[in-house]
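Student: This is a predicted model, with the sequence first.
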Amino acid sequence: MLEGLIRASNKTLESCRIGCLLKRIYFSLKFYQVSNLQFIIELDGQMNLGELSYIRKESSLAFEPYDGRHGCSTLIINDIELVVGDENTVLFTEGYFPEQFWVKSKLNIPESKPGKLSVDRKFFSAKENEGMSIRLTQPAEWEVTHDPFSGWICIGDKFAVGNKVIEYCSRQKVVLSEEGELLSLWIKPHIKMDV
């Protein structure tokens, strides 16, 4: 009987190893990392409207767009996804966002103007990468700072305030360098305790 248990546990261990290997292959095919991606701001463009929520029991951000549009590709910062539509427009932010990594601190929220944010087609095409998730940073690479008084959360460089700033979606804005590189993402979700 003991020999049977050992053989069964060895088969289970082997199948776990194969499963882990297959998962690694899948994720290496499905996700890849790029650097030096650039964005374009259109101040005369329409920002996306909707409801941004943080669902505490799921440790995740959820966005409900008023127009019902959902993207065809995503750009990942830490584990948060910038959802990109088929015209290369950044629509909204959502995804896994564990609160235990947030650093509490007062933030100077950058002034912004509403508008449209797009990914420069020279660097990325959402249509050509349909269904793909492109990683801009490694998980937990960028610092996350939460200001409990204002409700704003900064992912990235919280001091990068003198550059290009646009609110591309309800309660969501980005700070870009003069060249259009992403320096920080700012969000102000409604916190939902037990949904």
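Tutor: Thanks, I have it.

Student: okay, and for the chain, where does confidence drop off?
Tutor: In the predicted model, the chain carries pLDDT under 70 at residues 1-35, 161-162, 194-195.

Student: Run a quick neighbour tally on Trp142.
Tutor: For Trp142, the count of nearby residues is 20 (other C-beta atoms under 10 Å). (C-beta placed from N, C-alpha, C; glycine too.)

Student: Secondary structure class of it, three-state.
Tutor: Three-state assignment for Trp142 (DSSP: H, G, I helix; E, B strand; the rest coil): coil.

Student: Pull the contacting residues for it.
Tutor: Contacts of Trp142 were listed using C-beta atoms under 8 Å, 6 or more residues apart in numbering, and they are 77-78, 155-156, 184.

Student: Those: which two are farthest apart?
Tutor: The largest separation in those, counting by C-beta to C-beta, is between Asn78 and Ser184 at 11.9 Å.

Student: Which strand residues bridge Glu181?
Tutor: Gln38 (DSSP bridges).

Student: Would you check that it makes contact with Gln38?
Tutor: Yes - judged on C-beta atoms under 8 Å, Glu181 makes contact with Gln38 at a distance of 5.9 Å.

Student: In terms of neighbours, single out the busier of the two.
Tutor: The neighbour comparison of Glu181 against Gln38 (other C-beta under 10 Å) goes to Gln38, with 17 against 14.

Student: Gln46 and Lys116 touch, don't they?
Tutor: Yes - using C-beta under 8 Å, Gln46 is in contact with Lys116, at 6.2 Å.

Student: Of these two, which one has the most company?
Tutor: A side-by-side neighbour count of Gln46 and Lys116, using other C-beta under 10 Å, places Lys116 first with 19 against 12.

Student: Just read off the phi/psi values of that one.
Tutor: phi -110, psi 140 (degrees, to the nearest 10).

Student: Find the nearest non-adjacent residue to it, please.
Tutor: Using C-beta to C-beta, 6 or more residues apart in numbering and skipping the chain neighbours, the partner closest in space to Lys116 is Gly45 (2.5 Å).
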